[in-house]
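> Structure of the sequence below:
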Amino acid sequence: MIEKFNDLLEQAQQQTDAQRLLFLFAASDVVKKAKKRDEKKGTLSPVMCVDKLPAEIDSFKALASEADGITQDWDMVLIAALSGEGAKAPTTEEAEPFLNKMANDLSSGQDLSRYVIFDRKENPIVIQAA
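Have a look, this model is predicted:
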């Protein structure tokens, strides 16, 4: 499991094929606390999506600040990578259907284990379907 956002950036930059990173910012609605202290139950809703090349991102803090400039109504960010061919990264247009799939996966309660997820404080999050 990726523990830090910088680990994700480093891995994306080390791939043989150029990468485009896909970000889905989501808002949580905690309905009740679970018995275990670290577990929470609730729902997640998509708020906004963006795609970026790894070189366009300085840090998690910078990404979060940019997102907050649009809306502060997010609690988590789901991240996926899209591979290009050789040195050519996928375009924003090529990334769009994958961003839509991420939003649909979240909205329809699909398995989110394929995504790296961080909360606003850059803590890694594991989400299990109810």
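
> For the rest of this, base every contact and every neighbour count on C-alpha atoms.
Will do.

> Now the residue nearest in space to the middle of the chain. Nearest residue, chain neighbours left out?
Most central in the chain under CA atoms, centre = their mean is Leu78, positioned 2.0 Å from the mean C-alpha point. Leaving aside its chain neighbours, Leu78 sits nearest to Ile117 (4.5 Å; criterion: CA to CA, 6 or more residues apart in numbering).

> measure the one you found to Gln11 for me?
As judged by CA to CA, to the nearest Å, Ile117 and Gln11 stand 15 Å apart.

> the more surrounded of these two?
The residue with more neighbours, out of Ile117 and Gln11, is Ile117; 24 against 12, by other CA atoms under 10 Å.

> if I read this right, Phe118 contacts Trp74, doesn't it?
No: taking CA atoms under 8 Å as the definition, Phe118 is not a contact partner of Trp74, at 11.2 Å.

> what's in contact with the lengthiest strand in the chain?
Using DSSP state E to define each element, the chain has its longest strand at strand 19-33. Contacts to strand 19-33, defined as CA atoms under 8 Å, 6 or more residues apart in numbering, come from residues 12-13, 39-54, 73-84, 89-91, 95, 98-99, 102-103.

> Just give me how far the lowest-mean-pLDDT helix or strand in the chain sits from the chain centre.
Sorted by mean pLDDT, DSSP states H and E, the helices and strands of the chain end with strand 19-33, the least confident at a mean of 87. From the chain centre to the centre of strand 19-33 is a distance of 7 Å (CA atoms, centre = their mean, to the nearest Å).

> Just the buried residues of that strand, please?
Using 16 or more other CA atoms under 10 Å as the test for burial, strand 19-33 gives 19-28.
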